[in-house]
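[1] fold the following for me, if possible:
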Amino acid sequence: MARFNYDDVSGYTLEEAAEAELIASQTECTFIWANKQGWPVGVIMSYVWRDDAFWLSVSSLRVRVKAVQRDPRVAVCVTSRGTPITASRTVTYKGLAEVHDDAATIGWFLPALAERLRPGDPEAQRFFVELNDTPNRRVIKVTPTERIGYDGAKMAQRTREWIASGAP
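    Alright, predicted model coming up:
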């Protein structure tokens, strides 16, 4: 058998079901935008996945709000680290961001995020919404336009097969 190639990961794509499990299991993503100088900047943010988009909570005082209004091209990266998923999985999305400041969006989003972050604790959810429902509250919607997925379980299986074949 040919030497195993750890450089080429193109065969270890993330299948749709595994991607859905990852998005549902994880509560945080890395949100990446470009600053005025064009440099990529990223922070870890909690999200809600709804209507085929990521929804993120932010204060209008954060520079990322003006940045995505200036240039809506962003990226979101989600990893399985810290979830019950034992395989190393990740998916990165290129997308377009929109900033929402309307009461209707904030009204559904904050309770949804609270439930996601404080499951089974209605009092903590209520308190979370109360603390975050401020005049500066904004919601960033990221609609994915392209994705890059990786499933480490596939690579691990292929490695086991290579070793079992008698490879050095």
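[2] ok, then the element right after the helix ranked longest in the chain?
    Longest helix in the chain, counting residues (DSSP state H): helix 103-117. For helix 103-117, the following helix or strand on the C-terminal side (DSSP states H and E) is helix 122-132.
[3] contacts for that following helix next, please.
    57, 110, 111, 113, 114, 115, 117, 118 (Cβ atoms under 8 Å, 6 or more residues apart in numbering). Heads up, the C-betas are built off the backbone N, CA and C, glycines and all.
[4] let's see that with 7 Å instead.
    With Cβ atoms under 7 Å, 6 or more residues apart in numbering as the test, helix 122-132 has contacts from 57, 110, 111, 114, 115, 117, 118.
[5] now do the helix or strand just after it against helix 103-117, angle only.
    Downstream of helix 122-132, the next assigned helix or strand under DSSP H and E is strand 137-151. In terms of direction (axes from the mean of the first three to the mean of the last three Cα atoms, to 10 degrees), strand 137-151 departs from helix 103-117 by 50 degrees.
[6] buried sites along strand 137-151?
    Of all the residues in strand 137-151, those buried under the rule 16 or more other Cβ atoms under 10 Å are 137, 138, 139, 140, 141, 142, 144, 149, 150, 151.
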